[in-house]
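Undergrad: give me a 3D structure for the following:
(chains A and B)
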Amino acid sequence: ILNVEQSPQSLHVQEGDSTNFTCSFPSSNFYALHWYRWETAKSPEALFVMTLNGDEKKKGRISATLNTKEGYSYLYIKGSQPEDSATYLCASPNAGGTSYGKLTFGQGTILTVHP
Amino acid sequence: DTAVSQTPKYLVTQMGNDKSIKCEQNLGHDTMYWYKQDSKKFLKIMFSYNNKELIINETVPNRFSPKSPDKAHLNLHINSLELGDSAVYFCASSQDQGVAGTEAFFGQGTRLTVV
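TA: Numbers count the residues shown, from 1 in each chain, chains lettered A, B, ... in the order given. Coordinates of the predicted model:
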C-alpha cells in the first residue's frame, strides 16, 4: 500500500503558466516532508525539507507549503519555464509506520512545460 | 568533484552472474542508502547504513549484499542475477540516520540489465 501519494500523475502546461501539485502523507508520527526534483537522465535533487506545520519554503519561482495536521503539502511553480520540466517527488520518513530514516517516496508528478 | 558517485553507470550481464555496483560519497555524511527504481518508476529503499552499520534491510532477497568498508563507501553486490533484477539502482547519502530534517543526495544511478 502506497502511503505517500501525489497528484496529478502528469501535468502539461504552457510556458508562463503557474501550476501546483499535491503530496498526501500520513499525518500521524510526522517527522518531515521532502520535495525532490528529478530531471530525465539525472538523479533526484532536493528542493525542500519541511518539518513544521504551516511551513512555507521558497526557492526562486518554486514554493511549497505544509499541513501536517491534515497530511498534505503543495508545490507551486510560478511562471513555468521549459527548464522546469521534470518529475517532482515528495517523500516522508514516517509513511507506513516505517523505520526512522526510511524515506518513502510518492510516485511523482511529471511536469511538462511547453514553449 | 561529484558528491555521490556510482560506478558503473550501465551494467549489462547474463543471468546467473555475480556483479557489484560501487558507491562513494565525499560529503562527510554518516548515512548511505541503496534505492531501487522499480518498473513503475517508484524509488524503493533497499538498505541503509549508518557509520558502516546496517540500519535498514528492507526484505531484499539475500542475493543482494551491501558492504560498507568505511562510511564514505557503500557497495552493492548481487549474486546469481535474475531477469527481475533489471532496474536502475540509486545510491544516496544524508547527514544523519533519521533523514527527517536532512535531505538525501543521490548518485546518478546504475542501470542494470540482466539478459
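Undergrad: contact partners of stretch B:4-18?
TA: For stretch B:4-18, the surrounding residues in contact (Cβ atoms under 8 Å, 6 or more residues apart in numbering or on different chains) are A:43, B:19, B:21-25, B:27, B:77-83, B:89-93, B:105-115. All C-beta atoms are positioned from the backbone trio N, CA, C, and that covers glycine.
Undergrad: now find how far off-centre that stretch is within its chain.
TA: The chain centroid and the centroid of stretch B:4-18 are separated by 11 Å, computed with Cα atoms, centre = their mean, to the nearest Å.
Undergrad: same question for that stretch: list its buried residues.
TA: B:4, B:6, B:11, B:13 (16 or more other Cβ atoms under 10 Å in any protein chain shown).
Undergrad: hang on, the earlier thing: from the contacts of stretch B:4-18, which would you call buried?
TA: A:43, B:19, B:21-25, B:78, B:81, B:89-93, B:105-110, B:112, B:114.
Undergrad: and which of the buried residues of stretch B:4-18 is nearest chain A?
TA: Nearest to chain A out of these is B:Val4 (Cβ to the nearest Cβ; 7.7 Å).
Undergrad: show me what the helix or strand containing B:Ile55 is packed against.
TA: Counting by DSSP states H and E, the element that carries B:Ile55 is strand B:53-57. In this structure, strand B:53-57 packs against strand B:43-50, strand B:64-70, with contacts taken as 3 or more Cβ pairs under 8 Å, 6 or more residues apart in numbering or on different chains; DSSP states H and E.
Undergrad: what mean pLDDT would you report for the first one?
TA: Mean pLDDT, taken over the full extent of strand B:43-50, equals 87.
Undergrad: again with the shortest one
TA: For strand B:64-70, the mean pLDDT works out to 93.
Undergrad: partners of the helix or strand that it is followed by in the sheet?
TA: Elements were assigned by DSSP H and E; along the chain past strand B:64-70, the next helix or strand is strand B:73-78. Here strand B:73-78 is paired, per DSSP bridges, with strand B:19-25 (antiparallel), strand B:64-70 (antiparallel).
Undergrad: what is the burial count for A:Pro26?
TA: 16 (other Cβ atoms under 10 Å in any protein chain shown).
Undergrad: that one reaches A:Gly71, doesn't it?
TA: Yes - here A:Pro26 reaches A:Gly71: they are 6.0 Å apart, a contact under Cβ atoms under 8 Å.
Undergrad: quickly find the element holding whichever residue of chain A sits closest to chain B.
TA: With Cβ to the nearest Cβ, the shortest gap between chain A and chain B falls at A:Ala46, namely 3.4 Å. If you go by DSSP H and E, A:Ala46 is part of strand A:45-50.
Undergrad: list the buried residues of that strand.
TA: If you call a residue buried by 16+ other Cβ under 10 Å, then strand A:45-50 has these buried ones: A:46-50.
Undergrad: closest to A:Thr109 among those residues?
TA: Using Cβ to Cβ, A:Leu47 is the member of the buried residues of strand A:45-50 that lies nearest A:Thr109, at 12.6 Å.
Undergrad: list the contacts for the closest one?
TA: Counted by Cβ under 8 Å, 6+ apart, A:Leu47 has contacts A:35-37, A:59, A:62, A:64, A:75, A:88.
Undergrad: for A:Gly108, state which of the residues you listed is nearest.
TA: A:Tyr88 (6.4 Å).
Undergrad: could you measure the most centrally placed residue in chain B against B:Arg63, distance?
TA: Central residue of chain B (Cα atoms, centre = their mean): B:Trp34, 2.9 Å from the mean position. Separation of B:Trp34 from B:Arg63 (Cβ to Cβ, to the nearest Å): 14 Å.
Undergrad: thanks a lot, catch you later.
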